[in-house]
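J.: sequence-free structure coming up:
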């Protein structure tokens, strides 16, 4: 239908679909649609019915896709299982797939979804993640992206891939106890 999607500094991870004939649990484009993906992280997605190919990014029916300064996939899938072969990659794209440029396990790229000092839950980047400082600062500057999803500045001169800037920091849980008679209690932790 000629749709156009540009995604910059976006994180699409750990999504799944089990619909019949479904592909691309991260991104699925078809019918001459056009995708541009910059400084983004697309990994750990699974289309359970069609799990043999293009689980993270799937292009169908003349859809096109250009990817730059992004990290795609994880070591649990080959490149064919992670993304469509007709995606156009710039040289700065990291494929973390089993046969990719930087094979990396998903838990060595991003953390579980949780509250990381923002108003929405995020997947933080873990120490040593290949998504750290590998985005293209020109995309952040050119598209006016000065903060990550949490509102933290992207000001160290090196944009990270995805919606999260920097390494996830440990968060102390705040807990409180509500006593109930006789001698019982419920503990809530945030």
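T.: Yep, it's here. Given the structure is predicted, the values throughout are model-derived calculations rather than measurements.

J.: Count the residues that sit near the nearest residue to residue 86 once chain neighbours are set aside.
T.: Across the structure, with CB to CB, 6 or more residues apart in numbering as the measure, the residue nearest residue 86 apart from its sequence neighbours is residue 59 (5.7 Å). No exception for glycine: its C-beta is placed from N, CA and C like everyone else's. By other CB atoms under 10 Å, 23 other residues sit near residue 59.

J.: swap in residue 77?
T.: Close neighbours of residue 77, defined as other CB under 10 Å, add up to 26.

J.: And for residue 106?
T.: Number of residues near residue 106 (other CB under 10 Å) recorded here: 20.

J.: Please apply the same query to the one 5 residues further on.
T.: Residue 111 has 18 neighbours, counted by other CB under 10 Å.

J.: With residue 133 instead?
T.: Taking other CB under 10 Å as the criterion, the count of residues near residue 133 is 16.

J.: Isn't it up against residue 161?
T.: No - in terms of CB atoms under 8 Å, residue 133 does not count as a neighbour of residue 161; the distance is 9.0 Å.

J.: Just the residues contacting the longest helix belonging to the chain, thanks.
T.: When every helix of the chain is counted residue by residue (DSSP state H), the longest turns out to be helix 137-142. With contacts defined as CB atoms under 8 Å, 6 or more residues apart in numbering, helix 137-142 is touched by 8, 9, 38, 39, 68, 69, 145, 146, 154, 157, 158, 159.

J.: of those residues, buried ones?
T.: 8, 9, 38, 39, 68, 69, 145, 154, 159 (16 or more other CB atoms under 10 Å).

J.: what's the closest non-adjacent residue to the second one?
T.: In other words, residue 9. Going by CB to CB, 6+ apart, residue 9 has residue 39 as its nearest residue, at 4.7 Å.
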